[in-house]
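Asks: everything below, folded, please.
(2 chains)
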Amino acid sequence: MNGNSDRRGSSRRNFARYLIAGTLALAVGGLATGRAAAAKDLHVLNWQGYGTDEAWATKLFEERTGCKVVHDYFNSEEEMLTKLRTNPGTYDVVLINSSYTQGAAKEGLIQAIDTSKITNWKDLAPKLRDSPYLNTNGKTYGLSWVWGVTSMAYNTDDIKTKPDSIQALWDPAYAGKVGWRDDPVESVAFGAIATGQDPNNPADLDKVKQKLLALKPQLKTFWSSEDEWNKHLQGGDFEIATYWSGSAARSKKAFHLPVEFVVPKEGAIGWFDGLSIAANAPNLDCATKFLDFMVSPEFYVKWDTTVGAPASANDAANAQLPADAFNRVVMGQPGMQERLFYMAPLTDEQRKQFTELWETVKTDLGK
Amino acid sequence: MAATTLSGSGSAASRRRGAVIGLTAPAYIWLALTVLLPLSAMLYFSFLTVAPIGARVAEWTLGNYLDYFRKGFYLTLTGRSLMLGLWVTGLCLLLGFPAALALAKYVRGRWREALFLLVVLPFWSNALVRTFSWTMVLRTDGMVDDILQAVFPGLPHLDIMFTFTAVVIGLVHSFLPYMILTCYISLQAIDDSLLEAARSLGAAGPTVFRRILLPLSLPGILAGTILIFVPVIGSFMEPRILGGRGGFMLGNVIEDQFTVVFNWPMGAALSFILLAIVLLILAACYPLLRRNLQGLA
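Replies: Numbering: from 1, shown residues only, chains lettered A, B, ... in the order given. As a prediction, this is how the structure comes out:
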């Protein structure tokens, strides 16, 4: 009797010991992560290699403000939103494409910016700065940073005459040599422009689908990052491919690739990116200062001239570029703005519809 | 401390129980925390309209599972992924079994160790690095193409990068060691005297293989097959990098749901459908397996 209860007691004590050990282990783990998050670092969430993580810039910013910049990266807008949703209170500054800013603000993922602390505010182009995509109820949730065009670029060694139509992507002359970004919204927008529809609200989605299906003999492979795009062009996988204006400028300038960017006569997708401050940002003061630094001509001119950047939303910054800069010659060309369809925010339902359409197309492309 | 409490109870059984708990508890707690919890969360998600993260309001639905059957392309992709699984598993068996047989029965001593090292070598490098290195080898003007062109000038250029074939090659490379190791273990356990007895009774090579080696190594073959087939039909990284436009599989749709469109419920539902397919295949094979395995006992 006594022995029995003793035995139970001892195994219970043992079990309790394991429980305590386990709890301790968890608690120590928790303390460690808690401490890491509490450090006075400025956490920036952005695409890799997209300006904010330029080593000279973060060094300069740290010298001036004492805020150490730490980066985390995403590979798609949805990944960025997922990171904000699942790690509240982790990030300070986040780059958000203007078509996602409203949604992020509505979901409470980002906070309003105190624009009185942005010394460059007056120089920002009003068309972008005051856009309803970035401003809700008189509050600014995204600070307009850079803008650009999603269109196409080609290898000037392979293609001698500059294509002027989006139909070049469907030209049998480039069969098996076309690159395409694996992205539902962008793909539908290209399909819409190529079939003469409004990419923000295509009336005939079936026409778009048929047009995308016709890419089958054309496509070599998909690309998802700038780095991948450069490798594919260099390896001869792409002769012509969808691309971003800022990246095209970088491929040419920083990587010396034979690349030319085209804005076709049918039009192209215009976009602009804003910098936002995450809700519950642990380091609000540094975050506001970082935003102001990022939209300054000082940062932008060096970024564009040494690395290559999209066009700045700061008029004063664009004006300081050298006369032969891509962002003055190509992006500043007459009639450019008229040919752009600016990407509008999409509803969840539209996004789902576009995704399903693109997945159906991809399934068929693989046959 | 432990010694005094245990000697107080004085029971060997209790001590053994304590040891069993002590040895297994960490692993089981770990498994429960890392496998069961996330998996049950995903099962819960798969019946919701949106992932209940942030300020989103989720409702119960069967829609994610119904969508799989309503949208034709999911079935097409399932077929393609199963096809990929069959190709990769089949080739692994075809290449791996003879290698395992040679290692188990014909190679001895240090040579065996050296050859084993070569078998497990792929495990030492990161899967992503391995896959990218295949892009260097397989592409037009890549290593294989250059060698072929040098030896046979005028041969048409190699064009298997960004095709289904490239995906199969990459995956066979990644998974072959599993087949060799599992087959090796069961082949090695076969007593050599059985083979000698068969031969002395007049059985020719093929008969020995069919009547003795194959049935006795079946557990290893099956283990290898399952270890390879299951991850391959859910693979997404190799198809995306090596397959180009021919590499869109069910695994990629699941990946897209999590990383591109933030539709975790759909991604979770597709994962459980994939799991159900695997279980169904195993269940369908079960009578066959049981008969064969019983024959051994």
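Asks: rest of the way, CA atoms for contacts and neighbours
Replies: Noted.
Asks: give the next helix or strand downstream of the host helix or strand of B:E238.
Replies: Element membership for B:E238, per DSSP states H and E: helix B:237-243. Reading on from helix B:237-243 to the C-terminus, the next helix or strand found by DSSP H and E is helix B:250-259.
Asks: which strands and helices lie in contact with that next one?
Replies: Applying 3 or more Cα pairs under 8 Å, 6 or more residues apart in numbering or on different chains; DSSP states H and E, one finds that helix B:250-259 contacts helix A:77-86, helix B:72-105, helix B:237-243, helix B:264-296.
Asks: what does that helix rub up against?
Replies: A:76, A:78-79, A:359, B:74, B:77-78, B:80-81, B:233-237, B:239-240, B:263-264, B:266-268, B:270-271 (Cα atoms under 8 Å, 6 or more residues apart in numbering or on different chains).
Asks: just how off-centre is that helix within its chain?
Replies: 19 Å (Cα atoms, centre = their mean, to the nearest Å).
Asks: please apply the same query to stretch A:309-317.
Replies: Distance, stretch centre to chain centre, for stretch A:309-317: 17 Å (Cα atoms, centre = their mean).
Asks: give the buried residues for it.
Replies: A:309-314, A:316-317 (16 or more other Cα atoms under 10 Å in any protein chain shown).
Asks: format the helices and strands packed on helix B:250-259 as JSON lines; extra columns: mean neighbour count, distance to A:R64 and mean pLDDT.
Replies: As requested, the helices and strands packed on helix B:250-259 are exported to JSON lines (neighbours: other Cα atoms under 10 Å in any protein chain shown; distance: least, Cα to Cα, whole Å; pLDDT from 0 to 100):
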{"stretch": "helix A:77-86", "mean neighbour count": "18", "distance to A:R64": "28", "mean pLDDT": "88"}
{"stretch": "helix B:72-105", "mean neighbour count": "19", "distance to A:R64": "54", "mean pLDDT": "95"}
{"stretch": "helix B:237-243", "mean neighbour count": "24", "distance to A:R64": "42", "mean pLDDT": "93"}
{"stretch": "helix B:264-296", "mean neighbour count": "16", "distance to A:R64": "42", "mean pLDDT": "83"}
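Asks: now these as CSV including distance to A:H71?
Replies: Shown next, in CSV, are the helices and strands packed on helix B:250-259 (distance: least, Cα to Cα, whole Å):
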stretch, distance to A:H71
helix A:77-86, 13
helix B:72-105, 36
helix B:237-243, 25
helix B:264-296, 25
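Asks: nearest to B:G22, of these?
Replies: Ranking the helices and strands packed on helix B:250-259 by distance to B:G22, with Cα to Cα as the measure, places helix B:264-296 first at 32.2 Å.
Asks: what about A:K117, how many residues nearby?
Replies: By the criterion of other Cα atoms under 10 Å in any protein chain shown, A:K117 has 13 neighbours.
Asks: sorry, back to before: which of the buried residues of stretch A:309-317 sits closest to chain B?
Replies: A:P310 (23.3 Å; Cα to the nearest Cα).
Asks: right, and the closest one touches A:G51 too?
Replies: No: if you go by Cα atoms under 8 Å, A:P310 and A:G51 don't touch, sitting 9.7 Å apart.
Asks: which element is the closest residue to chain B within the stretch 201-350 of chain A on?
Replies: Residue of the stretch 201-350 of chain A nearest chain B, by Cα to the nearest Cα: A:T221 (4.2 Å). Using DSSP H and E, A:T221 maps to strand A:219-223.
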